[in-house]
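**Q** the following comprises the amino acid sequence and a computationally predicted model.
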2 protein chains.
Amino acid sequence: MKNKKVYGSLNSAATLKVLACLFEHDLDFDFVPIDLEAGEHKKPFLSMNPFGQVPVYEDGDTKQFESRAIIRSMAHQYGKKGEELIYWDSREQAVVANWIDVEDHHFEPPALKLNSELVIKPKKGLTPDEETVAEAEAKLAKVLDVYEARLSKFKYLASDKYTIADMLHLPNIQALMGTQTKKLFDSRPRLSAWCTAILARPAWIKVVEMQQRAQA
Amino acid sequence: MKNKKVYGSLNSAATLKVLACLFEHDLDFDFVPIDLEAGEHKKPFLSMNPFGQVPVYEDGDTKQFESRAIIRSMAHQYGKKGEELIYWDSREQAVVANWIDVEDHHFEPPALKLNSELVIKPKKGLTPDEETVAEAEAKLAKVLDVYEARLSKFKYLASDKYTIADMLHLPNIQALMGTQTKKLFDSRPRLSAWCTAILARPAWIKVVEMQQRAQA
């Protein structure tokens, strides 16, 4: 048995973020699928995460349940010399922290809503709500304008190196690339180049392959 | 002129969190009030925060605009030997990071809604919406149950020492203590003791005094 375990779902963006981080650090782990449709993330899962959400991450004796907190500490604990996805200097790391919170507070809310309308609903045979989509796309477009401007100064969001701030965007971007919302990314050249670069990370491709195997 | 500046509002919980952190670290700063009612946080403020929100924090050449990111880096950069509000060990800091994200994702959303209904609306002569209040209180109560259980194991949320994870709760708790929602805190003994302890931090009292002077 490996000493790292992820309890989660391949349909959960937060779970996919943690998996991407594990692959980035070449860490060996067990994945324990939690069936969200069947409500498995509620009791007795609550003993691991009192808020009843996935993922939960175990590393030896340590248990964590907030995905961004898991990723931050993993990057600090297992960062590969010269390839760290964070910074050790507090001023430099502050910029990474800033863009982590931008993803959390600005990017993810409309992105998750669009995934729910344009990816999840159609899979269940439901029709997306046009008004909700239009509203979320308008919100996301404003965020992407900020990203386009930011990416004119730096290769990645926080700096010229790939950090966990970029990585956190992967699951939602991957899902939106198969929807009408792709146009919001394609129409912004720097953003589009950034998407291509981050989606091509070998660690991310391993996550996508996990999803494909599960769906096969 | 001091080399640290906070552009913000004493009516903004995010601004108050950053001020509390500055006082905790005995840092000298200038406070530049931004009039939210007059829309001052939109252009030309946008050149400092592209999302048009307060606070913005300047420390020398560094500009930051996400409050939790500001606080994390301040605690790492200026932590007083033996009294740090964070941990240097990545496993220990992981637990702090976890509870920072709990405040962000679980505590603050209903707490802000209650502040808006029970503090801000009455100040403007408006009546709180009972249904919204009931819903937010039900959500908050569930979160506070988790806190009560957590505080039976540790003196503070992340561990037995006061950390930025506790500090982030101060503005919303302070505001709710003057409302009917106080009962949700009073009815949970460990939570109630924790509130008393954190509200008594000298750094927090300085923030409250700043607010009182501004209102006088």
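**A** Structure received.

**Q** next up, the contacts around A:Q211.
**A** Applying CB atoms under 8 Å, 6 or more residues apart in numbering or on different chains, we find A:Q211 in contact with A:L10, A:L16. The way it works is simple: take the backbone N, C-alpha and C, and place the C-beta from them, glycine included.

**Q** now do whichever strand or helix holds it: distance to the chain's middle.
**A** Per DSSP states H and E, A:Q211 falls inside helix A:202-215. Going by CA atoms, centre = their mean, to the nearest Å, the spacing between the C-alpha centre of helix A:202-215 and its chain's C-alpha centre is 13 Å.

**Q** and that helix, average pLDDT?
**A** Mean per-residue pLDDT for helix A:202-215: 95.

**Q** what residues of that helix count as buried?
**A** A:A203, A:W204, A:V207, A:V208 (16 or more other CB atoms under 10 Å in any protein chain shown).

**Q** who touches the first one in this structure?
**A** If a contact means CB under 8 Å, 6+ apart, then A:A203 has A:A20, A:C21, A:F23, A:E24 as its contacts.

**Q** hmm, 7 Å instead?
**A** By CB atoms under 7 Å, 6 or more residues apart in numbering or on different chains, the residues touching A:A203 are A:A20, A:F23, A:E24.

**Q** now A:E58, what's its secondary structure?
**A** Under DSSP: H, G, I helix; E, B strand; the rest coil, A:E58 falls in the strand class.

**Q** low-confidence ranges in chain A?
**A** Counting by pLDDT under 70, chain A has low-confidence residues at A:1.

**Q** quick one, helices of it?
**A** Assigned by DSSP state H, chain A shows helices spanning A:13-24, A:67-78, A:90-102, A:108-115, A:121-123, A:130-150, A:164-167, A:170-176, A:182-186, A:189-199, A:202-215.

**Q** so what does the second one touch, helix or strand wise?
**A** In this case it means helix A:67-78. In terms of contacts (3 or more CB pairs under 7 Å, 6 or more residues apart in numbering or on different chains; DSSP states H and E), helix A:67-78 is packed against helix A:13-24, helix A:164-167, helix B:90-102.

**Q** what of the first one?
**A** With contacts defined as 3+ CB pairs under 7 Å, 6+ apart, the packing partners of helix A:13-24 are strand A:4-8, helix A:67-78, helix A:164-167, helix A:170-176, helix A:202-215.

**Q** distance of the closest residue to A:T181 other than its chain neighbours relative to chain B?
**A** Closest residue to A:T181 apart from its sequence neighbours, by CB to CB, 6 or more residues apart in numbering or on different chains: A:L114 at 5.2 Å. Using CB to the nearest CB, to the nearest Å, we find A:L114 at a distance of 19 Å from chain B.

**Q** make sure A:L114 is actually in contact with A:A175.
**A** No. When contacts are counted by CB atoms under 7 Å, A:L114 is not listed as touching A:A175 (8.4 Å).

**Q** between these two, which one's more packed in?
**A** A:L114 (25 against 21; other CB atoms under 10 Å in any protein chain shown).

**Q** tell me the contacts of the more buried one?
**A** So A:L114 contacts A:V133, A:A136, A:E137, A:L140, A:L176, A:T179, A:T181 (CB under 7 Å, 6+ apart).

**Q** try it again with 10 Å
**A** By CB atoms under 10 Å, 6 or more residues apart in numbering or on different chains, the contact set of A:L114 is A:128, A:132-133, A:135-137, A:139-140, A:172, A:175-176, A:179-181, A:184.

**Q** that one and A:K182, how far apart?
**A** With distances taken as CB to CB, to the nearest Å, A:L114 is found 11 Å from A:K182.

**Q** and for A:V18?
**A** In this view, A:V18 and A:K182 are 25 Å apart by CB to CB.

**Q** neighbour count for the two, which is higher?
**A** Per other CB under 10 Å, whichever of A:V18 and A:K182 has more neighbours is A:V18, with 25 against 14.

**Q** my read is that that one contacts A:R72, right?
**A** No. Taking contacts as CB atoms under 10 Å, A:V18 lies outside contact range of A:R72: 11.1 Å.

**Q** if I look at the two, which residues touch both of them?
**A** Here A:V18 and A:R72 have A:Q64 as joint contacts, going by CB under 10 Å, 6+ apart.

**Q** quickly list what A:T62 is bridged to.
**A** Beta-bridge pairing of A:T62 under DSSP bridges involves A:D59.

**Q** residues in contact with it?
**A** So A:T62 contacts A:K4, A:I70, A:S73, A:Q77, B:R91, B:E92, B:A94, B:V95, B:N98 (CB under 10 Å, 6+ apart).

**Q** so which of those comes closest to B:K161?
**A** Nearest to B:K161, judged by CB to CB, of these is B:E92 at 10.0 Å.

**Q** check whether that closest one really touches B:W99, as I assumed.
**A** No. Using CB under 10 Å, B:E92 is not in contact with B:W99, being 12.0 Å away.

**Q** so between these two, which is more surrounded?
**A** Taking neighbours as other CB under 10 Å, B:E92 and B:W99 compare with B:W99 leading, 26 against 17.

**Q** not counting sequence-adjacent ones, nearest residue to that one?
**A** Closest residue to B:W99 apart from its sequence neighbours, by CB to CB, 6+ apart: B:A165 at 3.7 Å.

**Q** ok, the one you found to B:Q53 distance?
**A** For B:A165, the distance to B:Q53 - CB to CB - is 22 Å.

**Q** which one of those two has more residues nearby?
**A** Shown here are B:A165 and B:Q53; by other CB under 10 Å, B:A165 has more neighbours (24 against 21).

**Q** ok, the more buried one to chain A distance?
**A** 10 Å.

**Q** wait, what's in contact with A:Q64?
**A** Shown in contact with A:Q64 (CB under 10 Å, 6+ apart): A:18, A:48-49, A:55-58, A:70-74, B:91, B:94-95, B:97-98, B:101.

**Q** what of A:H76?
**A** A:84-88, A:93, A:164, B:88-91, B:93-94, B:97.
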